[in-house]
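Engineer: Mind folding the following:
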Amino acid sequence: MNDMKQKRVERRKEERRQNLVDAARDLFLSRGYDGTTIDDIVSRADLAKVTFYAYFKSKEEMALEVKRQASEEALEYLEELLNRKLSAREMLNLLIEDIVSWTEANWRLLDVFCSQRFSPLVNRDESQECKPEPMMLGLDAIIARGQEQGIYRQDIDRAMVAHILDLAILCEQYRWAKTGRPQGVLKENLERCIDFAVHGIEIPKNS
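Structural biologist: You can find the predicted model right below:
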């Protein structure tokens, strides 16, 4: 097989794989994780069931791929945010607004992301690396900017603060989704979380 033909074959394989991932994400978004079957995914992608198993072992493995691609998108968003010449507080305000917008539009994906984030902890081998979540990395970078700007304390464990905030945001997203998704409540609760953290790491005004 010549190189050009091989490239076409590989491109076609990748297209089929991505079609399955896109179909799964759309179905998880509209029906939820539990309401989606492998038969639903292959039907939406207009592919044979055997094709699904050529790329993924299970729906759970598919969910991991959906989450992985969403994490890549989140990292790209955070990189763009960090490249903007904003103060740390402006970045946090914009981040809250964007988290609320995303959650309101994609709340059914929270089940997918939460289950895939925490369930592997049970069976993870000690030798496996536990990678930080994109949100935690972004919060860490925002706090670092606040330190550079002289508004946040230097003596804090930045990674710990970012980790706590990351979990608090996720919990508020999940609680909002499970309590009827009341208008405006998620933004209020996220602002409360951020304000609580910020007041704990700001340099006192009289120092």
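Engineer: Which secondary structure elements does the lengthiest helix in the chain sit against?
Structural biologist: Looking across the chain with DSSP state H, the single longest helix is helix 3-31. Using 3 or more CB pairs under 8 Å, 6 or more residues apart in numbering; DSSP states H and E, the elements in contact with helix 3-31 are helix 38-45, helix 49-55, helix 59-83, helix 109-118. No exception for glycine: its C-beta is placed from N, CA and C like everyone else's.
Engineer: after the lowest-mean-pLDDT helix or strand in the chain, next one along is what?
Structural biologist: Of all regular secondary-structure elements in the chain, judged by mean pLDDT, DSSP states H and E, the least confident is helix 120-123 with a mean of 47. The helix or strand immediately downstream of helix 120-123 is helix 134-148, counting by DSSP states H and E.
Engineer: from the chain's centre, how far out does that next one sit?
Structural biologist: Its chain's C-alpha centre and that of helix 134-148 lie 16 Å apart, by CA atoms, centre = their mean, to the nearest Å.
Engineer: what do you get for stretch 159-176?
Structural biologist: 12 Å.
Engineer: Grab the nearest non-local neighbour of the residue nearest the centre of the chain.
Structural biologist: What sits nearest the mean C-alpha location of the chain, by CA atoms, centre = their mean, is residue 71, with 4.8 Å. Among residues not flanking residue 71 along the chain, residue 134 sits closest, at 5.2 Å (CB to CB, 6 or more residues apart in numbering).
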